[in-house]
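In: next comes the sequence, and after it the predicted model I'd like to discuss.
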There are 2 protein chains.
Amino acid sequence: MFVENGGSPNYMEIELQIKMNPSLYLRDPEQSELGKNIIKHSIQLIHDNGFEAFTFKKLAESIGTTEAGVYRYFENKHKLLVYIISWYWCWIQFQLSYQTNNIEDPAIKLKKVITLLSTNVEDDITTGHVDEFQLHQILIAEGSKAYLTNHVGKDNNQQFFQPYKDLCNTIGEIILECNPKYKYPHSLASTIIEMAHLQNFFMNHLPTLTDFSKSKDEKEIIKYLEELVFNTIRI
Amino acid sequence: MFVENGGSPNYMEIELQIKMNPSLYLRDPEQSELGKNIIKHSIQLIHDNGFEAFTFKKLAESIGTTEAGVYRYFENKHKLLVYIISWYWCWIQFQLSYQTNNIEDPAIKLKKVITLLSTNVEDDITTGHVDEFQLHQILIAEGSKAYLTNHVGKDNNQQFFQPYKDLCNTIGEIILECNPKYKYPHSLASTIIEMAHLQNFFMNHLPTLTDFSKSKDEKEIIKYLEELVFNTIRI
DNA sequence: TTTCAAATAATAGTATTACTATCTTAAATA
DNA sequence: TATTTAAGATAGTAATACTATTATTTGAAA
């Protein structure tokens, strides 16, 4: 991942560009207008109707191109989903390093992590064609479908889940900074990530599975997770 | 849910029969040989190839009936998935009340819950056409697909997730017995349920997301969850 | 300036999926 | 015996998930 001037006509703007695993695409969607439109409209459509109802035909219609045009960029809709989800984890990783930069106290860093993962972000204007708000919603409802497949092993061998794993490692290291003797830093990291999303989904769709149904407030999820995490690592 | 003599020719046997939400099916699969075969072979096929690869045509071929025959029992494959998942949660609820019967100490009850959810059960012979071992594997890999849809609200209105919610409430009550002042009993219950499955999936398929990759032993997951749970409720 | 390669657009076609409909036969029940 | 009911057999449709072909446009190297 790197930050660069993306060749925008407004010379002083900085554009955040994320380098993705090339096995995920046939043609790099960042390198053309059609490609960027594929990403933009995919996010819109998956957000609006869910991944099951999402087809390349509808996507093509929404962009104003043909099905074959989309297939030149992505082999199938699963790889496209993994692409945008990976993109999101890279973006979160960048946000995390940005937001925890210069913070010494690992407990404060860990709180930042929990807040970052639980908060419905606002759209980041430095990434023109990606709506991070919608992307966060997609992660909540569709994130686990990236790996809950019978080809998870193959996908994993092709490093499709590297950004997720990297993030999990980063969080695991912060946990170990808090308590170097804690025995389950990776499992706790993946628990934080998944529960930040799942408790949000439950809060909004199956409220009796949570204790936040009255307020429907993300801040409650943050409090729950903070208690869970800091009590188990004993701070 | 009730236990009854299922009309077996071996008169002294007890058969566990679980009453399911009738909105899930068109014809009750428990009431015919074909119906029982649909359940049995669905579990086998979804276990072997995953839910995405599962079709009513393949199911019909595997049973030796026709596609139309299956459609007489279930409207679509999603409802069939929700059916077998609901069945599993009812069965777990029964196991839970059976195993915690006569136990006074709520902390021991809660440990039983964690172990029950994390352990790969053996096939229960009192449920002839259901293989609980395979069903547990299905829950791990496909369980969240029951509710991660864009029609979760409608499904919820039809009470499709009642057995899951009931289990969550039961576990929440045990948590409150341990600590009546704990503020998040339902969220902690759903966290235990989901993480018992997800950490198992990660352990076997994306091991760097956990700390159990060396042993690949369920007992490690149980230890992790026990620490997480009992530290957060402060026992 | 030409040329050549790459991207795109337009169109067509296939196998599979997710159903619906109908008609006949077999078995259970009244 | 008559009648409902389930099951079996067969057919058909719309949508999905692709693949293939050809023609057109564009942009960079020779």
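Out: On my side now, so go ahead.
In: show me the residue at the heart of chain A, geometrically.
Out: Nearest to the geometric centre of chain A sits residue A:88, at 3.2 Å (C-alpha atoms, centre = their mean).
In: run through the residues that contact it.
Out: Residue A:88 makes contact with A:132, A:135-136, A:138-139, according to C-beta atoms under 8 Å, 6 or more residues apart in numbering or on different chains. Every residue, glycine included, has its C-beta placed from N, CA and C.
In: which among those gets closest to residue A:181?
Out: Closest to residue A:181 out of the contacts of residue A:88 is residue A:139 (31.7 Å), distances taken as C-beta to C-beta.
In: so what's the residue count around the closest one?
Out: For residue A:139, the count of nearby residues is 21 (other C-beta atoms under 10 Å in any protein chain shown).
In: please, where are all the strands along chain A?
Out: In chain A, the strands defined using DSSP state E lie at A:2-4, A:15-17.
In: from residue A:110, how far off is the closest residue to residue A:193 other than its chain neighbours?
Out: Of all residues not flanking residue A:193 in the chain, residue A:117 sits nearest, at 5.9 Å (C-beta to C-beta, 6 or more residues apart in numbering or on different chains). Residue A:117 sits 11 Å away from residue A:110, going by C-beta to C-beta, to the nearest Å.
In: now do residue A:53
Out: Residue A:53 is 37 Å from residue A:110, by C-beta to C-beta.
In: who's more crowded, the two?
Out: Neighbour totals were compared for residue A:53 and residue A:110, and residue A:110 leads with 25 against 13 (other C-beta under 10 Å).
In: what does the pLDDT read for the more buried one?
Out: Note for residue A:110: predicted pLDDT of 98.
In: go on, the one 5 residues further on?
Out: If you check residue A:115, the pLDDT there is 97.
In: regarding chain A, what is its longest helix?
Out: helix A:77-100 (DSSP state H).
In: name the residues of it that come out as buried.
Out: By 16 or more other C-beta atoms under 10 Å in any protein chain shown, the buried positions in helix A:77-100 come out as A:77-96, A:100.
In: burial measure for residue A:34, as a count.
Out: 16.
In: quick check: residues of chain A near DNA strand C?
Out: A:27, A:32-35, A:65-69, A:72 (C-beta under 7 Å from any atom of the strand).
In: any chance of these in CSV, plus pLDDT and distance to residue B:211?
Out: Below are those laid out as CSV (pLDDT from 0 to 100; distance: C-beta to C-beta, whole Å):
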residue, pLDDT, distance to residue B:211
A:27, 93, 39
A:32, 90, 42
A:33, 90, 45
A:34, 90, 43
A:35, 92, 39
A:65, 92, 46
A:66, 92, 48
A:67, 92, 44
A:68, 92, 46
A:69, 93, 45
A:72, 94, 42
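In: measure the nearest residue to residue A:92 once chain neighbours are set aside to DNA strand D for me?
Out: Nearest residue to residue A:92 in three dimensions, chain neighbours excluded: residue A:167, at 6.2 Å (C-beta to C-beta, 6+ apart). Applying C-beta to the nearest atom of the strand, to the nearest Å, the value for residue A:167 to DNA strand D is 27 Å.
In: still on that earlier bit, filter the residues of chain A next to DNA strand C to the buried ones?
Out: Judged by 16+ other C-beta under 10 Å, buried ones among the residues of chain A next to DNA strand C: A:34-35, A:65, A:69.
In: make a markdown table from those and add distance to residue B:220 to it.
Out: Shown next, in a markdown table, are those (distance: C-beta to C-beta, whole Å):
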| residue | distance to residue B:220 |
| --- | --- |
| A:34 | 48 |
| A:35 | 43 |
| A:65 | 50 |
| A:69 | 48 |
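In: out of these, flag the one nearest to residue B:105.
Out: residue A:35 (60.3 Å).
In: show me which residues of chain A sit near DNA strand D.
Out: So chain A meets DNA strand D at A:53, A:55-58, A:67-68, A:71, A:75-78 (C-beta under 7 Å from any atom of the strand).
In: what comes up buried for stretch A:38-46?
Out: Those would be A:38-43, A:45-46, for stretch A:38-46 by 16+ other C-beta under 10 Å.
In: quick one: low-confidence ranges for chain A?
Out: Filtered on pLDDT under 70, chain A yields the residue ranges A:1-15, A:122-126, A:235.
In: for it, what spans make up the helices?
Out: Along chain A, counting by DSSP H, helices occupy A:33-49, A:56-63, A:67-71, A:77-100, A:106-118, A:132-142, A:152-157, A:162-178, A:185-205, A:218-232.
In: among those, which comes closest to residue A:211?
Out: Nearest of these (C-beta to C-beta): helix A:218-232, 7.4 Å.
In: just checking, what packs against that closest one?
Out: helix A:106-118, helix A:185-205, helix B:185-205, helix B:218-232 (3 or more C-beta pairs under 8 Å, 6 or more residues apart in numbering or on different chains; DSSP states H and E).
In: nearest to residue A:214, of the ones you listed?
Out: Per C-beta to C-beta, nearest to residue A:214 of the helices and strands packed on helix A:218-232: helix A:185-205, 10.1 Å.
In: extract the C-alpha trace of that closest one and format it as CSV.
Out: Taking C-alpha atoms only, helix A:185-205 is exported to CSV below (Å, rounded to 0.1, in the frame of the first residue of the first chain):
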residue,chain,number,x,y,z
PRO,A,185,-3.6,-12.1,20.9
HIS,A,186,-4.6,-13.3,17.4
SER,A,187,-7.9,-14.9,18.5
LEU,A,188,-8.7,-11.8,20.5
ALA,A,189,-7.9,-9.6,17.5
SER,A,190,-10.1,-11.6,15.2
THR,A,191,-12.8,-11.6,17.9
ILE,A,192,-12.7,-7.8,18.1
ILE,A,193,-12.9,-7.4,14.3
GLU,A,194,-15.7,-9.8,13.8
MET,A,195,-17.8,-8.8,16.8
ALA,A,196,-17.5,-5.1,16.0
HIS,A,197,-19.4,-6.0,12.8
LEU,A,198,-21.6,-8.7,14.0
GLN,A,199,-22.9,-6.9,17.1
ASN,A,200,-23.7,-4.0,14.8
PHE,A,201,-25.6,-6.3,12.4
PHE,A,202,-27.5,-7.9,15.3
MET,A,203,-28.3,-4.5,16.9
ASN,A,204,-30.0,-3.4,13.7
HIS,A,205,-31.6,-6.6,12.5
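In: between helix A:218-232 and that helix, find me the angle.
Out: Helix A:185-205 runs at 150 degrees relative to helix A:218-232, counting by axes from the mean of the first three to the mean of the last three C-alpha atoms, to 10 degrees.
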